[in-house]
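J.: Fold the following, please.
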Amino acid sequence: MIELGVNIDHIATVRQARRTYEPDPVWGAVEAHLGGADGITVHLREDRRHIQDADVRRLKETTQIKLNLEMAATDEMVGIACATRPEMAMLVPEGRHEVTTEGGLDIVGQEARLKDVIARLREAGITTSVFIDAEIPQIEAAARIGASVCEIHTGPYAHAFYEKGRDAEAPAVLAELAKIRAAGRAIRQLGMRFNAGHALNYYNVQPVARLAGIRELHIGHAIVSRAVFIGLREAVREMKALMVAAAANPEAE
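T.: Predicted structure coming up:
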């Protein structure tokens with residue numbers, strides 16, 4: 001069964017606009033759970049632009065579904081992860097001036113350091129994940145450093161989908177989907193779990209959810225945006241229904 005991890009960063013973004021106490025991301029996590037989410041994802045950024053340290057601690061203490069902590073591969077974040085012990089920690093690239101994550105982690109260029117980070121997280125009992133582009137050299141490097149999960153960056157696919165008028169059969173869209181498909185195959189052949197995420201929404205999610213062997217999709221902005229109008233619980237329920245329907249008719253292996 002395909003799983004949905006709901007990223008609730010932007011609930012905290014609204015809160016931080018006023019530096020107040022509402023809306024509460026923990027409340028959002030509960031609503032997401034009631035809507036059918038299988039996990040909660042948050043990105044504790046270096047500049048603390050949305051999620052705060054206390055949010056991570058409270059989410060770990062309160063949520064009844066798995067917590068995925070997105071984090072840069074820094075000593076500070078490794079220390080926080082080891083102290084908090086989320087069910088999964090996902091290493092992502094991070095730029096202070098980016099609006100959101102702009103690409104996958106370059107594992108090939110920093111294997112030794114990332115291998116040490118992965119080892120420290122694993123020793124703390126945390127499942128280790130890496131957010132990477134759909135590139136075979138990066139997948140092979142992920143296996144070498146000991147990652148358990150590869151989350152493929154679906155941004156290029158999502159952008160092509162939008163730019164081509166939401167035409168799922170446009171050649172540019174099919175080409176990006178093919179890259180994700182090939183990446184997923186390589187990930188599974190190397191004994192890692194195949195996840196995906198970034199810029200997925202209610203229009204483009206089903207072709208990705210239909211890919212063979214995909215385990216989890218992590219989606220945030222689209223769900224929180226829809227929740228403004230229909231509520232978070234229903235927004236999660238609608239997304240999960242789309243994913244489950246697509247995964248019920250998966251592509252052939």
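J.: Mind jotting down where the strands sit in the chain?
T.: 3-7, 39-43, 66-71, 88-91, 127-132, 149-153, 193-197, 216-219 (DSSP state E).
J.: Please give me every residue in contact with residue 235.
T.: Contact partners of residue 235, counting by Cβ atoms under 8 Å, 6 or more residues apart in numbering, are 35, 223, 224, 226, 227. Where you see a C-beta, it was placed from the backbone N, CA and C, and this is true even at glycine.
J.: now the strands of the chain in a markdown table, with mean neighbour count, mean pLDDT and distance to residue 116?
T.: Supplementary listing: the strands of the chain in a markdown table, determined by neighbours: other Cβ atoms under 10 Å; pLDDT from 0 to 100; distance: least, Cβ to Cβ, whole Å:
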| stretch | mean neighbour count | mean pLDDT | distance to residue 116 |
| --- | --- | --- | --- |
| strand 3-7 | 25 | 98 | 26 |
| strand 39-43 | 26 | 98 | 22 |
| strand 66-71 | 24 | 98 | 15 |
| strand 88-91 | 27 | 98 | 12 |
| strand 127-132 | 24 | 98 | 12 |
| strand 149-153 | 27 | 98 | 18 |
| strand 193-197 | 23 | 98 | 21 |
| strand 216-219 | 25 | 98 | 25 |
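J.: Give me the neighbour count for residue 167.
T.: 13 (other Cβ atoms under 10 Å).
J.: Does it touch residue 160 like I think?
T.: No - with contact defined as Cβ atoms under 8 Å, residue 167 does not count as touching residue 160 (9.6 Å).
J.: Check the contact lists of these two and give me the overlap.
T.: residue 173.
J.: Could you point out the longest helix of the protein?
T.: Ordering each helix of the chain by length in residues (DSSP state H) puts helix 171-189 first.
J.: List the buried residues for it?
T.: For helix 171-189, the buried set under the neighbour-count rule, 16 or more other Cβ atoms under 10 Å, comprises 173-174, 176-177, 179-181, 183-188.
J.: what's the distance between the residue nearest the centre of the chain and residue 20?
T.: Per Cα atoms, centre = their mean, the C-alpha nearest to the average position across the chain is that of residue 218, at 3.8 Å. Residue 218 sits 27 Å away from residue 20, going by Cβ to Cβ, to the nearest Å.
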